[in-house]
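Visitor: how would this look folded up:
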Amino acid sequence: MAANSDLAMASASELTAAMDNGSVSSVELLDLYLERVDEFNADINAIIFEDRDGARAQAAEADEARRAGKKLGSLHGLPMTVKESYDVTGMPSTWGATDLRDNIASEDALSITRLRDQGAVIFGKTNVPLMLADFQSYNDVYGTTKNPYDHSRTPGGSSGGSAAALAAGLTGLETGSDIGGSIRNPAHFCGVFGHKPTWNVIPMRGHAMPGVLTPSDISVLGPLARSAQDLDIALRAMAGPDEIMGRGYQLALPEFESSSLAGLRVALWSDDERAPVDAEVKARVELVGQAFRDAGASVIDARPEFESDHTHLIYNNLLHPVMASRTPDEQYQKMVERVQQLDPNDDSDGARVLRAQVSNYKDWANSNEARTHLRWHWHEFFKNVDLLLTPIMPAAAWPHDHSAFGERTITVNNEQRPYFEQTFWAGLTGVSYLPSTVIPTGLNGQGLPIGIQIVGPEFGDLQTIGAARLLEQEGFVFTPPPAYV
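Guide: Okay, here's the model as predicted:
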């Protein structure tokens, strides 16, 4: 029998409420999670670094403050872990790269400081793929993370350790990052909630290669949790301008005013020829749409006025330069040489990726201009609808596959599809800076979770999370994996 699984699987807001009413202390809750880490983590390898002594000291301070009647913040005393790629003082930030094995952070990322300011007790870090560049989470530093619902399958990536730790009840809350679905696909694969914020709503400082301060294009930081309310709490804790922007700007995200789903205007984009999804995934998007209809919302099939191929091309043209910029100089030079050897008439997907990786500023600026047009198309679209429902991945979690990228495929409707085709659904919103909240829709016939994403206009983060909260009340909830309860 798992150690007190009901409490361990509770939402972060339920856990803080339990501490507030004296049902459990921060130290006791931390010890519960550490007991579960000892019991389960060896099987799934989600948490790859711990600071137990430091966390116990933080938890004891949180308990003392609560006894003294002092409220530290919205996460007072909550034990949590964070994605390995965040800088946390005294902890490694390797991004799964062996040459960064000795990279120990000397200060916290700004978002980590903000979580601590709200009383969070950070006791460890969770696994990632090499350079955060895969839909799976394995590397030569920490090994492979497994899906709590089926150890033979991936938990997703790059925040795969984050989602697996949450689903297994090893932590109270998690934070991830997302440039190609890295918060959203693990949330889908592991049946938890995840939120990709509007770009730069949460400052990126402290989530980068050593010495880098410039925020990456498209990439964002955001929370993963076992409830939508937790996403709201964590987003508010981490969001807001950095010290430079804060001199002249304040963040004022529009609040979600609806107390029910009735009256909302919802669009569905449940499948696409550019990136087909399994019939069961499409059915879950339509299931959530039906829940809106049943509650009195207006639901239509609609999409903005641009072609799927066009937005995906722009996404790739902007994504690949970011990813390539993280590579060592020697490796980058090899990319340049490969492009120089390409046939000028080669317009294959592989050739497009190579050219994008080493594109010049004019090429990038042209793609950025095209992206700005996409953003305005979305702006017009959201004048007529409040929310958009789409898939986030084409299928439920698939078996681990550590073969070379070019050799991988995934199975969609019993057909083999290109491995990286699935970035379409993440890039659709990522390239245009839109907020996206993933909710669980229950398990399929194999006992695997399926999630869908709720998309809103730029800075509509609290609207997508608010809709997720209402859907949670309609039964779209986290379902713990049977082996961990």
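
Visitor: show me what Glu438 bridges to in the sheet.
Guide: Let me fix one detail, which is that residue 438 is Val and not Glu. Under DSSP bridges, the beta-bridge partners of Val438 are Gly194, Gln453.

Visitor: can I get stretch 419-437 as PDB, trimmed to CA atoms?
Guide: Backbone C-alpha positions of stretch 419-437 (Å, rounded to 0.1, in the frame of the first residue of the first chain) are rendered in PDB as follows:
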ATOM      1  CA  TYR A 419       8.100  11.600 -35.600                       C
ATOM      2  CA  PHE A 420       8.400  15.400 -35.700                       C
ATOM      3  CA  GLU A 421       5.100  16.000 -37.600                       C
ATOM      4  CA  GLN A 422       3.400  16.100 -34.200                       C
ATOM      5  CA  THR A 423       5.000  19.500 -33.400                       C
ATOM      6  CA  PHE A 424       2.200  20.900 -35.500                       C
ATOM      7  CA  TRP A 425      -0.300  21.100 -32.600                       C
ATOM      8  CA  ALA A 426       2.100  22.700 -30.200                       C
ATOM      9  CA  GLY A 427       3.600  25.000 -32.800                       C
ATOM     10  CA  LEU A 428       0.200  26.200 -33.900                       C
ATOM     11  CA  THR A 429      -0.100  28.200 -30.700                       C
ATOM     12  CA  GLY A 430       3.500  28.500 -29.700                       C
ATOM     13  CA  VAL A 431       4.700  30.400 -32.800                       C
ATOM     14  CA  SER A 432       2.000  33.000 -32.200                       C
ATOM     15  CA  TYR A 433       2.600  33.400 -28.500                       C
ATOM     16  CA  LEU A 434      -0.900  32.200 -27.500                       C
ATOM     17  CA  PRO A 435      -1.600  30.700 -24.100                       C
ATOM     18  CA  SER A 436      -2.700  27.000 -24.000                       C
ATOM     19  CA  THR A 437      -4.000  25.000 -21.100                       C
END
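
Visitor: now do it, average pLDDT.
Guide: Predicted confidence along stretch 419-437 averages 97 (mean pLDDT).

Visitor: check which helix or strand Glu61 maps to.
Guide: When elements are defined using DSSP states H and E, Glu61 is found to belong to helix 52-67.

Visitor: what does whichever helix or strand comes after that helix rub up against?
Guide: Sequence-wise, the next helix or strand downstream of helix 52-67 (DSSP H and E) is strand 79-83. Applying C-beta atoms under 8 Å, 6 or more residues apart in numbering, the external contacts of strand 79-83 come out as 12, 26, 29-30, 33, 47, 55, 59, 88, 112, 115, 120-126, 128, 158-159, 161-162, 165, 170-177. C-beta coordinates here come from the backbone N, C-alpha and C atoms, glycine included.

Visitor: low-confidence bits of the chain, can you list those?
Guide: Under the criterion of pLDDT under 70, the regions of the chain flagged as low confidence span 1-3.

Visitor: show me it divided up by domain.
Guide: Each structural domain of the chain that the record assigns through automatic domain parsing is listed here as a residue range: 5-261+477-484, 308-372.

Visitor: for Leu434, which of the ones you listed is the nearest?
Guide: Comparing the domains of the chain against Leu434 with C-beta to C-beta, the closest turns out to be domain 5-261+477-484 (6.9 Å).

Visitor: would you mind writing the CA trace of the helix or strand harbouring Lys125 as PDB?
Guide: The secondary structure element spanning Lys125 is strand 121-126 (assigned by DSSP H and E). Coordinates of the C-alpha atoms in strand 121-126 are reproduced here as PDB (Å, rounded to 0.1, in the frame of the first residue of the first chain):
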ATOM      1  CA  VAL A 121       9.600  24.400  -0.400                       C
ATOM      2  CA  ILE A 122      11.700  23.100  -3.300                       C
ATOM      3  CA  PHE A 123      13.200  19.700  -2.600                       C
ATOM      4  CA  GLY A 124      14.400  18.400  -5.900                       C
ATOM      5  CA  LYS A 125      14.600  18.400  -9.700                       C
ATOM      6  CA  THR A 126      13.000  16.300 -12.400                       C
END
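
Visitor: just checking, which of the domains of the chain sits deepest inside the structure?
Guide: Among the domains of the chain, judged by mean count of other C-beta atoms under 10 Å, the one packed with the most neighbours on average is domain 5-261+477-484 (a mean of 22).

Visitor: how far off centre is that one?
Guide: In terms of C-alpha atoms, centre = their mean, to the nearest Å, the gap separating the centre of domain 5-261+477-484 from the centre of its chain is 10 Å.

Visitor: span of that domain from start to end?
Guide: The separation between the terminal residues of domain 5-261+477-484, taken as C-alpha to C-alpha, to the nearest Å, is 7 Å.

Visitor: any idea how far the most centrally placed residue in the chain lies from Ser159?
Guide: With distances taken as C-alpha atoms, centre = their mean, the chain has Ile183 as the residue nearest its mean C-alpha position (1.1 Å). Here Ile183 is placed at a distance of 5 Å from Ser159 (C-beta to C-beta, to the nearest Å).

Visitor: overlap of the contact sets of those two?
Guide: When contacts are counted by C-beta under 8 Å, 6+ apart, Ile183 and Ser159 have Gly176, Ser177, Gly194, Leu224 as shared neighbours.

Visitor: what's in contact with the host helix or strand of the first one?
Guide: Just to be clear, that refers to Gly176. For Gly176, the host element (DSSP H and E) is strand 174-178. Where contact means C-beta under 8 Å, 6+ apart, the residues beyond strand 174-178 that reach it are 80-83, 85-86, 111, 115, 126, 132, 158-159, 162-163, 165-166, 182-184, 186, 194, 196, 207, 219-225, 234, 238, 426, 430.

Visitor: so which of these sit within strands?
Guide: Among these, the members falling in strands (DSSP state E) are 80-83, 126, 194, 196, 220-225.

Visitor: dump these to CSV, plus distance to Lys70.
Guide: As requested, the ones in strands among the contacts of strand 174-178 are exported to CSV (distance: C-beta to C-beta, whole Å):
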residue, distance to Lys70
Met80, 20
Thr81, 25
Val82, 24
Lys83, 29
Thr126, 30
Gly194, 32
Lys196, 34
Val220, 33
Leu221, 28
Gly222, 29
Pro223, 25
Leu224, 29
Ala225, 25
